[in-house]
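>>> Build me a structure from this.
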Amino acid sequence: MAEQRHVLVAGASGLVGYAAMKHFASLPGCRVTAVSRRQPFETFGAQFISVDLTDAKQCAEVFGAMGDVTHLVYAALFEKPGLVKGWIEDDQIATNGQMLRNLFEPLEKAASGLQHVTFLQGTKAYGAHVRALAVPAREDRSEMREQKNFYWVQEDYIRAKQAGRNWTWTILRPQIICGMSIGAPLNAVAALGVYGALLKEEGKPLYYPGGAGGVVEAVDSDLLARAIAWSGESAAARNGAFNVTNGDVFTWKNVWPAIADAMGMQAGPPMPQSLELTMPAHAAAWDRVRAKYGLVSPDMKTFVGSSFQFADMLLGYDVERGAPRTYTPPFLVSTIKIRRAGFSDFMDTEDMLRKNFREFQQNRLLPPA
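Purely as a prediction, here's the structure:
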């Protein structure tokens, strides 16, 4: 990695930004500035600045003073309380577009040495939230541009800004991201960790609460951070979009025993329920678990955010029907493009899940296994 690099990580309290901040802060000769509204759980030596990206005036003051930034990792995200329904709503799309503009307009004017911008999309680029995917979904071929999406607003903006400039950009499209975060809206590990901890306290096994989840892929947040670092250096990554996953496929039912084992439990039989609807009633029980084990994790709502709803979707529980799904189509993407370009990192998804739960446990966010 080049020396005297200054990496700006936006969205540092979220799954992707937190992992990116940690990775870049570990590199010699790399200065990291991390921004988000909320203080990250840990900063790893990065400079942290609390910034509301919807506040254009604050953004102009903060980012207009960052003249030495060389790399931007944009992992900030605005989600509405309804989460899934918000993905196609105009105000969610407009807010995410405005947040990027509020940051980038003053930054680009100030940072004359800017070299690269990495930003994130996902399988919603292929319409995964509104239709079954054409398996495997491929970059530059399977995009659903006709579906309104903040991805296109951000991508069109960056493409237009980059015309005639010396800096380049890369889009990364991860599958289900698993890793460390507090309050992130799309964090299955936090949601399942709380669910499992409460069952364990009652002496019960880890019941499978979902239905027929499809064949899917995931990516470890630390692996994704390494892909972000690669994208900022590789000539083959310039001005292109790349899917990125762990490299294997799985179903949630098949990895359920590994999840149970990571929490020191036995996997139980199916007991379908909506975690979004049932778990809030156990908030006081979670507080008792926190007190019993001396956890530093916050109350249930703050800790899990909207991730119970996300877990329902992943595990195949249809909240609107009030029943588990009997079929979920596969959601698989091709990672040939990124491998051909030179990024070939991989990870077994069961190993990832064990690693993720262990990290939460070691940081006293979940009870010990």
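
>>> for the record, mean pLDDT for the helix ranked longest in the chain?
The helix spanning the most residues in the chain, taking DSSP state H as the definition, is helix 90-110. Averaged over helix 90-110, pLDDT sits at 97.

>>> which other helices and strands contact that helix?
Helix 90-110 is packed against helix 56-63, strand 71-74, helix 150-162, with contacts defined by 3 or more C-beta pairs under 8 Å, 6 or more residues apart in numbering; DSSP states H and E. Using the backbone N, CA and C atoms, a C-beta is placed for each residue, glycine as well.

>>> Point out the most buried one among the ones you listed.
strand 71-74 (a mean of 27; mean count of other C-beta atoms under 10 Å).

>>> which residues sit against that one?
With contacts defined as C-beta atoms under 8 Å, 6 or more residues apart in numbering, strand 71-74 is touched by 5-11, 17, 20, 24, 100, 103-104, 107, 114-120, 154, 228, 232.

>>> could you flag which of the residues you listed are buried?
Using 16 or more other C-beta atoms under 10 Å as the burial test, the contacts of strand 71-74 include 5-11, 17, 20, 24, 100, 103-104, 107, 114-120, 154, 228, 232 as buried.

>>> Just the ones of those in strands?
Here DSSP state E is the test, and the buried ones among the contacts of strand 71-74 give Arg5, His6, Val7, Leu8, Val9, Ala10, His116, Val117, Thr118, Phe119, Leu120 as lying in strands.

>>> Show me where the stretch 151-300 of the chain has its strands.
Along the stretch 151-300 of the chain, counting by DSSP state E, counting those that start in this stretch, strands occupy 168-174, 176-178, 206-208, 218-220, 240-244, 267-270.

>>> Of those, which is nearest Gly64?
Closest approach to Gly64 among the strands of the stretch 151-300 of the chain (C-beta to C-beta): strand 168-174, 20.6 Å.

>>> Next, the angle from the closest one to helix 150-162.
Strand 168-174 and helix 150-162 are oriented at 170 degrees to each other (axes from the mean of the first three to the mean of the last three C-alpha atoms, to 10 degrees).

>>> Contact partners for Met352?
Neighbours of Met352 in contact, by C-beta under 8 Å, 6+ apart: Cys178, Ala218, Asp220, Leu223, Asn246.

>>> Compare those and tell me which is most surrounded.
Neighbour counts for the contacts of Met352 peak at Cys178, which has 27 neighbours (criterion: other C-beta atoms under 10 Å).

>>> Test my guess that that one contacts Asp220.
Yes: Cys178 is within contact range of Asp220, at 6.1 Å (criterion: C-beta atoms under 8 Å).

>>> anything in contact with each of those two?
In contact with both Cys178 and Asp220: Met352, Asn356, using C-beta under 8 Å, 6+ apart.

>>> What is the nearest of the ones in strands among the buried ones among the contacts of strand 71-74 to Ala323?
Using C-beta to C-beta, those come closest to Ala323 at Leu120, 32.8 Å.

>>> The closest one against Thr170, yeah?
No: using C-beta under 8 Å as the test, Leu120 is too far from Thr170 to be in contact (10.0 Å).

>>> and Ser50, what is it in contact with?
Val35, Ser36, Arg37, Arg38, Gln39.

>>> rewinding a little: chain center to the longest helix of the chain, what's the gap?
19 Å (C-alpha atoms, centre = their mean, to the nearest Å).

>>> repeat for stretch 269-282
Using C-alpha atoms, centre = their mean, the offset of stretch 269-282 from its chain centre is 23 Å.

>>> how long is that stretch from one end to the other?
One end of stretch 269-282 to the other measures 21 Å (C-alpha to C-alpha, to the nearest Å).

>>> any residues touching that stretch, and which ones?
Identification of contacts with stretch 269-282 by C-beta under 8 Å, 6+ apart yields 191, 194-195, 198, 205, 207-211, 300-301, 304, 308-309, 311-312, 317, 319, 322-324.

>>> do the same with stretch 284-298
Under C-beta under 8 Å, 6+ apart, the answer for stretch 284-298 is 182-183, 194, 197-198, 201, 299-300, 303, 363-368.

>>> rerun at 7 Å
Stretch 284-298 is contacted by residues Ile182, Val194, Ala197, Leu198, Glu201, Asp299, Met300, Phe303, Arg364, Leu365, Pro367 when judged by C-beta atoms under 7 Å, 6 or more residues apart in numbering.

>>> any idea of the angle the longest helix of the chain forms with strand 116-120?
170 degrees.

>>> Restricting to C-alpha, output helix 90-110 in CSV.
Only the C-alpha atoms of helix 90-110 are listed here, as CSV (Å, rounded to 0.1, in the frame of the first residue of the first chain):
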residue,chain,number,x,y,z
ASP,A,90,-38.9,8.2,-3.3
ASP,A,91,-37.8,9.8,-0.1
GLN,A,92,-35.4,7.0,0.8
ILE,A,93,-33.9,7.2,-2.7
ALA,A,94,-33.6,11.0,-2.6
THR,A,95,-32.1,11.1,0.9
ASN,A,96,-29.3,8.6,0.0
GLY,A,97,-28.5,10.6,-3.2
GLN,A,98,-28.4,13.9,-1.3
MET,A,99,-26.1,12.5,1.4
LEU,A,100,-23.5,11.5,-1.1
ARG,A,101,-23.7,14.9,-2.8
ASN,A,102,-23.4,16.7,0.5
LEU,A,103,-20.2,14.9,1.2
PHE,A,104,-18.7,14.8,-2.2
GLU,A,105,-19.2,18.3,-3.5
PRO,A,106,-17.1,20.0,-0.9
LEU,A,107,-14.6,17.1,-0.7
GLU,A,108,-13.8,17.0,-4.4
LYS,A,109,-13.2,20.8,-4.5
ALA,A,110,-10.8,20.6,-1.5
